[in-house]
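Q: any chance you can model this:
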Amino acid sequence: MGAYEHQGTPILPTTGSLTITSTPPGSSIFLDGTSTGTITPATLTNIIPGTYTIKLTKAGYYDWSASVTVTAGTTTPVIATLTLITSTISVTSTPSEAIIFLDGTSTGTITPAILTNIIPGTHTIKLTKAGYYDWSASVTVTAGTATPVIATMTLTVSISSPINGAILVGATQTLLSGTVIGTDSITGTLTYNGIASTLNIAGGSFTTTITLHKGKNIIIVSVRKQAGNTGFATVIIEVADKKEIIPPGQKPTIALDDSTKIEILDNPFTNATATITINDNPDEANFALADQNLPKGVDISGLAEAVREFKLFERENANAGTTTGRFKITIPYPATIPDDKARDLKIYWLNTDANRWELAGGKSDMANHTVTVEVTHLSIFRAAFLSSPLPPKVIVYPNPYNARRDDRIYFKGTIELSLIRIFTLSGELVKEIKASNNTQDWDVKNAAGCTLASGMYFYLITDTQGNKATGKIAVIR
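A: Sure, this is the predicted structure:
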């Protein structure tokens, strides 16, 4: 053949392609109603020329669809923007006309209102209105749904006098006054140290006189509107017989004329001014229950006046105080008490959680008719006689203890608050127990909770006056 040889007829393409992108990406692609198994962005190949319907779906968005013509040998672009399915939030409040904030930004609307085009997810709704505390809540909205938000706002109550945390010296009465914004149909209640009474609110303000007692006074003013809105305010007032300002880190001694005294040995406020208070006649209601349930062997006859309360506060704020540190306190007792009986005097501190007196210790000074003790916290303290010595015989059983038949050892004859200590024969402390009744039990474990090994041990029981009882215990495993 010649220089130009016939090569045959060219083969023309018979299919086309589609490139599909979307905002947002990750949308599922359907071709003529059938899933392609791909997501955007994607290229569909080997498509026979013709007109097709492309549909894109994605959770949280409306479906998108369009017709597209495929031409042989070409790639046709398809660009789609899916529309987000939004939600609405219906906001109502009591009272109405509260300003609505969505995620910290004002919506420019007031209640009641419907917020539209809300993107699904968690949002914060805040309502504000003069005379009420701000109200806020988190709300989770789902695509295509209407979410209700119903708010009852809290009234703003302000107590202007006395100020919260004030420490008053020798006060018996004080004027309580304050304001409530929004005066329509408001009723008030005054709760003073747990006792409630009606409080008259006129013209958005209230004024009344209250009688204070020694120590802490808790005053609560609560209000309620006819619509159901409520509000309250609380002030705590400390009333003392003596108040002393303590410069940072100083360790002074503060005394009353009757020989009541407190010496600060370790001031916890090394960098702040502190206030110490003394009450020489604390409110009996604070410790009446403890007086009725005295520990065994404790007698308070003739000592009704030998009760004192000591407190230490940061600066002059009764709400920012502490009772911890290291102190030496002195309480006077009546000079009519004979010296031989005064030797039995000890100081007890009031455990307010248990409503009982706990032994602090102490030593009597018969010349000055006082009892002194060193403590690490402050409270209400009283002098009391501790006259019951440890019984001469304490019965310990079972002895020997056999783990195969016994589950614990009992100390019968201990008085309340006696200290039981168990040692190895070499003198190593195994366990320390404070007796809580006449028969104290022990689970035969050491201080770490581990089972005690077989062997011989000895015990030492010391009562609150220093009387001692000793003996040996055999343990068999």
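Q: low-confidence stretches in the stretch 301-450 of the chain?
A: Within the stretch 301-450 of the chain, the segments meeting pLDDT under 70 span 320-322, 387-392, 415-417.
Q: actually, the stretch 1-150 of the chain.
A: Ranges of the stretch 1-150 of the chain meeting pLDDT under 70: 1-9.
Q: where do the strands sit along it?
A: Counting by DSSP state E, counting those that start in this stretch, the stretch 1-150 of the chain has strands at residues 16-23, 28-31, 34-39, 42-47, 50-57, 64-70, 75-81, 87-94, 99-102, 105-110, 113-118, 121-128, 135-141, 146-152.
Q: can you tell me which of the ones you listed comes nearest to A447?
A: Of all the strands of the stretch 1-150 of the chain, it is strand 135-141 that lies closest to A447, at 47.8 Å by CB to CB. All C-beta spots, glycine's among them, are computed from the backbone N, C-alpha and C.
Q: quick one, which of the strands of the stretch 1-150 of the chain gets closest to S158.
A: Of these, nearest to S158 by CB to CB is strand 121-128, at 17.1 Å.
Q: next, the angle from that closest one to strand 135-141.
A: 160 degrees (axes from the mean of the first three to the mean of the last three CA atoms, to 10 degrees).
Q: name the strands paired with strand 121-128 and say parallel or antiparallel.
A: Applying DSSP bridges to the sheet, strand 121-128 is found paired with strand 99-102 (antiparallel), strand 135-141 (antiparallel).
Q: D258 belongs to a helix?
A: No - with DSSP: H, G, I helix; E, B strand; the rest coil as the criterion, D258 is assigned coil and is not in a helix.
Q: from R382, how far out is it?
A: 15 Å (CB to CB, to the nearest Å).
Q: what's the separation between R405 and L84?
A: On the measure of CB to CB, R405 and L84 end up 76 Å apart.
Q: how about E263?
A: On the measure of CB to CB, E263 and L84 end up 73 Å apart.
Q: dump the strands of the stretch 1-150 of the chain into CSV; add mean neighbour count as well.
A: CSV is the format used below for those (neighbours: other CB atoms under 10 Å):
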stretch, mean neighbour count
strand 16-23, 18
strand 28-31, 19
strand 34-39, 12
strand 42-47, 14
strand 50-57, 16
strand 64-70, 14
strand 75-81, 14
strand 87-94, 18
strand 99-102, 18
strand 105-110, 12
strand 113-118, 14
strand 121-128, 16
strand 135-141, 14
strand 146-152, 15
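Q: who touches N117 in this structure?
A: Counting by CB atoms under 8 Å, 6 or more residues apart in numbering, N117 touches T86.
Q: any idea how far I100 is from it?
A: Applying CB to CB to N117 and I100 gives a distance of 14 Å.
Q: what of T15?
A: Applying CB to CB to T15 and I100 gives a distance of 57 Å.
Q: what does L56 give?
A: 35 Å.
Q: V221 now?
A: Taking CB to CB, one finds V221 at 29 Å from I100.
Q: for L190, which non-adjacent residue is spatially closest?
A: L199 (4.1 Å; CB to CB, 6 or more residues apart in numbering).
Q: how many neighbours does that neighbour have?
A: L199 has 18 neighbours, counted by other CB atoms under 10 Å.
Q: and stretch 119-136, how far from the chain's centre?
A: Its chain's average C-alpha position is 25 Å from that of stretch 119-136, according to CA atoms, centre = their mean, to the nearest Å.
Q: measure it end to end?
A: Across stretch 119-136, the terminal residues are separated by 19 Å (CA to CA, to the nearest Å).
Q: kindly report the same for stretch 232-247.
A: Stretch 232-247 end-to-end distance (CA to CA) = 35 Å.
Q: buried stuff in it?
A: By 16 or more other CB atoms under 10 Å, the buried positions in stretch 232-247 come out as 232-233, 235-244, 246.
Q: so which of the residues you listed belong to strands?
A: 232-233, 235-240, 242-244, 246 (DSSP state E).
Q: in JSON lines, list the residues you listed along with pLDDT and distance to K431.
A: Output for these, formatted as JSON lines (pLDDT from 0 to 100; distance: CB to CB, whole Å):
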{"residue": "F232", "pLDDT": "92", "distance to K431": "49"}
{"residue": "A233", "pLDDT": "92", "distance to K431": "51"}
{"residue": "V235", "pLDDT": "92", "distance to K431": "48"}
{"residue": "I236", "pLDDT": "89", "distance to K431": "42"}
{"residue": "I237", "pLDDT": "89", "distance to K431": "46"}
{"residue": "E238", "pLDDT": "89", "distance to K431": "42"}
{"residue": "V239", "pLDDT": "90", "distance to K431": "45"}
{"residue": "A240", "pLDDT": "90", "distance to K431": "43"}
{"residue": "K242", "pLDDT": "91", "distance to K431": "44"}
{"residue": "K243", "pLDDT": "91", "distance to K431": "45"}
{"residue": "E244", "pLDDT": "91", "distance to K431": "43"}
{"residue": "I246", "pLDDT": "92", "distance to K431": "41"}
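Q: okay, those in a markdown table with distance to D339 next?
A: Formatted as a markdown table, these follow (distance: CB to CB, whole Å):
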| residue | distance to D339 |
| --- | --- |
| F232 | 55 |
| A233 | 54 |
| V235 | 47 |
| I236 | 43 |
| I237 | 41 |
| E238 | 37 |
| V239 | 36 |
| A240 | 32 |
| K242 | 29 |
| K243 | 34 |
| E244 | 32 |
| I246 | 35 |
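Q: so how far is H369 from K243?
A: Relative to H369, and taking CB to CB, K243 is found at 26 Å.
Q: again, but for T211
A: 33 Å.
Q: still on that earlier bit, quick one, which of the strands paired with strand 121-128 is nearest to G60?
A: strand 135-141 (11.5 Å).
Q: the inter-axis angle of that closest one versus strand 146-152?
A: 170 degrees.
Q: what distance separates strand 135-141 from the centre of its chain?
A: 24 Å.
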